[in-house]
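1. Here you go, sequence then predicted model.
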Amino acid sequence: MKIPTNLKHKPVVVVENYEQVDGRLAQNTDAKGLSLGLAQWNDRGKVDISAKVWRYTGEKWSRQSEELPLHRVLDLSILICRSLVHFSEAYRYEHLYDPQEPVIDRVGLQGNAMTVAISTDNDRINEDIKLFNQALSDDGEMIGERLRTLSRMLKEMGY
């Protein structure tokens, strides 16, 4: 399915077969494509690049399609990686985290730090964290494949 080019987000680089590789949802997903392009929120004279997940309901392109600035996509990747590191050793804690110190890390970015923490405001955190940990374990092979691919590409780029 071709990603539309007549909408506000202007695709430049596309993955039009994303429905075939969308993790556990492959072949049965409404996420039909990915694109990097000119952001829909661009003002005249100011150009931002965004990443977009294109969703299709079967009848029309969905308003639930997501568009994110590239730095947010990378920030989410950092959050995923830091979370994976935490959960690889979380078995050491009775509740998979230390309730006395719910902050996992502070990741320095542009003169400040992104605080990565367990959501202690969630009144069902002890139940939800177990489900989260199990889902990470269940998807470990799929996530690992993508991380190895990303690692290889980052090394090719000199990072």
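-> Now that the structure is in, tell me what you want to look at.

2. In the helix ranked longest in the chain, which residues are buried?
-> Longest helix in the chain, counting residues (DSSP state H): helix 70-88. Buried residues in helix 70-88, defined by neighbour count with 16 or more other C-beta atoms under 10 Å: 82-83, 86-87. C-beta: built from backbone N, CA, C; applies to glycine.

3. got the phi/psi numbers for Ile118?
-> Main-chain torsions, Ile118, degrees, to the nearest 10: phi -80, psi 140.

4. Count the neighbours of it for me.
-> By other C-beta atoms under 10 Å, 23 other residues sit near Ile118.

5. Next, the distance between the ends of stretch 35-54.
-> Criterion C-alpha to C-alpha, to the nearest Å; first-to-last residue distance in stretch 35-54 is 8 Å.

6. ugh, wrong one, stretch 132-149
-> Stretch 132-149: ends 23 Å apart by C-alpha to C-alpha.

7. which of the residues in that stretch are buried?
-> For stretch 132-149, by 16+ other C-beta under 10 Å, it's 132-133, 136.

8. If you count contacts, what does the longest helix of the chain end up packed against?
-> strand 49-55, strand 103-109, strand 112-117, helix 125-138, helix 140-156 (3 or more C-beta pairs under 8 Å, 6 or more residues apart in numbering; DSSP states H and E).

9. okay, the angle between the third one and helix 70-88?
-> Using axes from the mean of the first three to the mean of the last three C-alpha atoms, to 10 degrees, one finds that strand 112-117 and helix 70-88 are set 40 degrees apart in direction.

10. Just the C-alpha atoms of strand 112-117, please, in PDB.
-> Provided in PDB are the C-alpha atoms of strand 112-117 (Å, rounded to 0.1, in the frame of the first residue of the first chain):
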ATOM      1  CA  ASN A 112      20.300  18.300  31.500                       C
ATOM      2  CA  ALA A 113      19.300  14.700  32.200                       C
ATOM      3  CA  MET A 114      16.400  12.500  31.300                       C
ATOM      4  CA  THR A 115      15.200  10.800  34.500                       C
ATOM      5  CA  VAL A 116      14.300   7.200  33.900                       C
ATOM      6  CA  ALA A 117      12.200   5.900  36.800                       C
END
